[in-house]
Each structure stands twice: as structure tokens, then as C-alpha cells.
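[1] Fold the following.
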Amino acid sequence: MNNGKIILYQVFTRLYGNRNTTRKPNGTLEENGSGKLNDFTPEVLRQLRDRGISHVWYTGVIRHATQTDYTEQGIPRQHPAVVKGRAGSPYAIADYYDIDPDLAQHVEQRMEEFEQLVARTHKAGLKVVIDFVPNHVARQYRSISKPEGVKDLGADDNPDHGFDPQNNFYYCPGQPFAPYFDLYHGETEPYTELPAKATGNDHFDNAPGRNDWYETVKLNYGVDYYAGRIGHFDPVPDTWKKMTDILLFWAAKGIDGFRCDMAEMVPAEFWAYATAIVKAQHPQMVFIGEVYNPAEYRHYIASGFDYLYDKVGMYDAMRDVVCHRRDTDAITWAWQQTDDIRDHMLYFLENHDEQRIASDFFAADGQKGVPALIVSALMQQNPFMLYAGQEYGERGMDSEGFSGHDGRTTIFDYWAVDTLVRAARQQLTADEQALSTLYDKVLGIAAKEKAVSEGTMFDLMYVNGQYRRQYAFLRKAGKELLLVVANFDDEAATMNLTVPAHAFDYLDIKEKNATATDLLTGKKAKLPLKRDAAFDVSLPARGGVVYKLKL
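    Numbering: from 1, shown residues only. As a prediction, this is how the structure comes out:
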């Protein structure tokens, strides 16, 4: 299978393979169970590969703060007052050099089990992406797995200085940690921290609130926030060296990419330094950045990022089009904003931070996301990401515990994902099975068709602007042409589609009466391709067509 196009499959590792359906809100590991690294069997991985997936993002594999007690295995216990949820957030890292024990069949062999997972994934023809969480760590960060000679974060800090370019943390000298909540959280001893460290979401006093990332501590990359964000990057800050060493540690495990959490909260200068060092030793390494400020996109790409989340542009536009809050011209507007860097933009419709398409907070039905899938996956050469369960219309409407009834799949609790359990047991409904089949077809087209992975795109909407819930474009590579038309309406529609003369010139197409095949259904259709002439295209409700023709 040609995989010029990256198709990234995000799995929340703790949930993916869990088949325990107790689902007790705030349940313990013993009660609700946890998925394991070993659940990704050769068979599971082969199925992902067969669907057109090229990369698996194993979310939450590095050891993070948890309320589960692993002291018998020599792992320090975390105070529950500074852990969100029973299982804990995978973005509150407790040891950058360790694997999360929840994911191991045998806790003492957790690193070997991860290394075996990397090998199995590669053997299945897939690449491995893991999280790198550079901006913040768990309040009680302490590495027990760091290599010989590595000094822990904060080990040489001077906590009498609120800011010091060579400190790893920011401090509130003389002030204890005094957040809004009870520091006992059911324990006999309260959680104590003196002096208080600054909180992960750039909260620089000692009293974070309920909506702050209070369970985390901000890392110091040499930026003096107390003096108006002045950077002190020469000499190279100690944090830069320590975090680059962590990247090199995981790169040496044979992984293929890092998804870098909240990358824009860390200075671009660090990324330029770190990515250059990592790529010098591991030239194929891919860096995916979570950056939400479009004004910073080009800055971070220039600093070594291969791909950035297209959240504020394409995701937000697509969500509004699906929900009929905006017309389809919003899609044209979104791609035009990043046209000069289009190959660096990562398109997606779901991830662990966003609400599920099928949740009541989004579209309430996974089928309604199909036209957005067709457009997002086939419009450009850039990567597309989907989140495990999305392909079955997972609703995410559980109240799991710390993660309330919010249309998202929890990252804080022990849980089992309904559709993933039923898919594994071959108990999907007919509608879910049909949706999954459609996802397979679209992803297969994205992975196999040269016109998608290598071809040129031509947006047809500027001459078909009277259609506000339909979207059409051409893709061409060599002698192959794809006509992609998506219908975001709840009703079937017929679009009288004009192909302008400019498209013929731009794509070097000759006029002809073509016979085309819809790659989604196998049905044939006659397409009279003439300059500035229109022809009818019949579209299913909340669906689309992908016509392929030879020129």
C-alpha cells in the first residue's frame, strides 16, 4: 500500500484494549481495569495497517501521576490531592524515563514490554508516535528510572530565586503551595510544597484555582515571565539540555515521532535547538506540535516541527460546517489561511481534547461527520489523524469520574470505551458497522491513491458558490483525476457542478466525455468534462462521492 500520506491513529493506550465493562464512576484499577501494551497484538496492528493507518500515536505511555499505589514495585506514591482522577492525567509526567505501570502485564518489565510493542508495531508496517510533554511535570516529579549520570529536574535549582535562567522550575520564594482545594484529600498528612512552584498553565503565584492545571509544575526554559517574558538563552538553559536528553532517550528506543504537548508554551528557540540535535542522530524523526495560535505557525515550523495541529483553522471551520453554523466556504477560507504551509498542517475531527462527533455536544451522530471526513482526508497531501472509536461513532457521553458528562472520552479515569469493546467482540450495530466500512474506504483512498498523496488540489467552490452545504474539489496526479464532492446536508442533494476553464489549464486536463467510478460505491457515472460547463452530481445525505477517471 502506498503510504505517501500519513494517516495517524490516536489510541489512548490505557483505554484501548480494556474489556472490563464494570465502568464504575471514579472506579479503581482493580474495579474498572486497564488496557495493556500487550493488547496491541500482531493481529490488532495488522488490522490497523489494512485500514490505511501509517502511524499509531500511543497516548499516555510515559509514567505519570496516579492515585494507584505501586510502592510495592518501588514506584513513589503520589499524593491524591495533586492528582486529577483515579488514574491521573497522562500530561502530568512523574518520570520522563519510565513507562506507565498501568499499561504493563508485569510492572517490573514495563520498559521491555514497551520495547516489544515498538518492535511489533514496526513489524506490522506501522510507525510509532508517543507524547513528549515539555511544558510541565507532575507536582511530585521524581525520576527513578533515569540513566546513570542524569541529574533530576530541579536537583540543582536555587529556590530562593523566583526566576533563574539555570533553574528548571519557577518558584514563589517563602510561600507555601496554597491552592483553592483541601490538601488532605482523604489522607492523614496534607500535601506540602515549600516554596510553591509555578503551575503548568503559566500561573505564577502559589494559589492556583480549580480551572488551573494545579496538578502540574511549569518548566523553565530561560524565559523570565516575571520581567515580561524576556528570554535568557545564552548560555543554553539547563532545562534545554535535560529535555533534549529525554527526547534522545526515547528516540534511541526506535520510535518514529513525538507529538509535542502544548508546544507553543515552550519557546521556539528551544525547539530549534532540540529538533536539530535529535534529527542529526535520527533523521527520520517526526515532530508534531500542538500549537493553537495561527500567528505562530510559521515560527514553529521554522523551528523544526514537521506538522502542526490545524485546530483554530480547519477543525473549527469543519465543526461549524458539520453543525450548520457556517457554510462550506469556511473550508475554502481555512485552507487558504495556511496554503503556504499546507503540507505541515495536521487535519483531524477528533482527539482526546475535543468532543466526540457523535456526542450530544457536537453532531449527536457519527454519520454526520462523514462529509467532513471525506474532505479532511482527501483534500490535501498533509496528514490526517483519527481518534480510536471515531470510526464507530463513539459517543463519549459517559460520566467516568473526574471526567464528567462532557462528550469526551476520559483521560483521567479507569474506563472501557463502549464501541471499542463491542468492536473487539464483533457486537457493533449495523449503523456502526456501516460507518466503520465507510471510514475504511475513505482512509484506503487516502493511503492508496497517488492523486491524494502526491497530487494537486483545485477547489471548485469559487464557481459553485450557490451551494452552501456542499463542497467539491479536484485532485490530479499524472493521468489520474479524482472529483471529490461532499454533502453536509441532512437530505440527499443534486449538485449542478461547473468545472471552470481555469481548472483545465491549471491541472492540464483535456476536455472529454469521461466514464468515472465512485471509489466509495463502485458505481459508474458519465462525466461530461467541458470548460465552464455544468453536469449533475447526485449526493447521498451526509455523504459524498469520490469519482476516479483516467485522462
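[2] what's the span of stretch 387-395, first residue to last?
    End-to-end span of stretch 387-395 (C-alpha to C-alpha, to the nearest Å): 12 Å.
[3] what residues does it touch?
    9-12, 16, 51, 348-352, 356-360, 365-367, 369, 396, 407, 409, 417-420, 422-423, 428, 431-432, 435-436, 439-440 (C-beta atoms under 8 Å, 6 or more residues apart in numbering). C-beta here means a position set from N, CA and C on the backbone, and glycine is covered the same way.
[4] And these, which of them are buried?
    Among the contacts of stretch 387-395, those buried by neighbour count (16 or more other C-beta atoms under 10 Å) are 9-12, 16, 51, 348-352, 356-359, 365-367, 369, 396, 407, 409, 417-420, 422-423, 428, 432, 435-436, 439.
[5] Next step: those restricted to helices.
    The helices, defined by DSSP state H, take in Y16, D418, T419, L420, R422, A423, E432, L435, S436, Y439 from the buried ones among the contacts of stretch 387-395.
[6] What residues does the closest residue to R342 other than its chain neighbours make contact with?
    Nearest non-adjacent residue to R342, counting by C-beta to C-beta, 6 or more residues apart in numbering: Q380, 5.4 Å away. Q380 sits next to W335, R342, D343, M345, Y347, M457 when contact means C-beta under 8 Å, 6+ apart.
[7] so where do the helices sit in the stretch 401-550 of the chain?
    418-424, 430-448, 450-453, 501-507 (DSSP state H, counting those that start in this stretch).
[8] Count residues in the vicinity of G455, would you?
    Per other C-beta atoms under 10 Å, the neighbour tally for G455 reads 22.
[9] Show me what the closest residue to it other than its chain neighbours is bridged to.
    Nearest non-adjacent residue to G455, counting by C-beta to C-beta, 6+ apart: A477, 3.5 Å away. For A477, the beta-bridge partners are E480 (DSSP bridges).
[10] pretty sure A477 is touching E454, no?
    Yes - A477 lies in contact with E454 (C-beta atoms under 8 Å); the separation is 4.9 Å.
[11] who are the neighbours in contact with S538?
    S538 sits next to A492, A493, T494, V545 when contact means C-beta under 8 Å, 6+ apart.
[12] Kindly recompute the last result at 6 Å.
    T494 (C-beta atoms under 6 Å, 6 or more residues apart in numbering).
[13] same question, H185
    H185 sits in contact with P80, A81, where contact means C-beta under 6 Å, 6+ apart.
[14] next one: L460
    A472, F473.
[15] How about E296?
    With contact set as C-beta under 6 Å, 6+ apart, E296 has these partners: E264.
[16] tally of neighbours for the residue nearest to G455?
    A477: 18 neighbours (other C-beta under 10 Å).
[17] Also Y171?
    25.
[18] cool, D340 as well?
    For D340, using other C-beta under 10 Å, the count is 10.
[19] Tell me which helix or strand the closest residue to it other than its chain neighbours sits in.
    Leaving aside its chain neighbours, D340 sits nearest to R298 (7.9 Å; criterion: C-beta to C-beta, 6+ apart). Here R298 is covered by helix 297-302, with elements defined by DSSP states H and E.
[20] So for that helix, what gets flagged as buried?
    Y297, H299, Y300, I301.
[21] and which of the residues you listed is nearest K197?
    Y300 (26.1 Å; C-beta to C-beta).
[22] Is the closest one in contact with V291, as I believe?
    Yes - with contacts counted by C-beta atoms under 6 Å, Y300 reaches V291, the gap being 5.2 Å.
[23] which ones are touching the residue most central in space within the chain?
    By C-alpha atoms, centre = their mean, the chain has its centre lying nearest to N351, at 5.2 Å. Shown in contact with N351 (C-beta under 6 Å, 6+ apart): Q10, Y387.
[24] how about a cut-off of 7 Å?
    Q10, M385, Y387 (C-beta atoms under 7 Å, 6 or more residues apart in numbering).
[25] Over to the residue nearest to Y471 when sequence neighbours are not counted: give its phi and psi.
    Take Y471 and drop its neighbours on the chain: the residue closest to it by C-beta to C-beta, 6+ apart is T328, 4.3 Å away. Taking degrees, to the nearest 10, you get phi -70, psi -10 for the backbone angles of T328.
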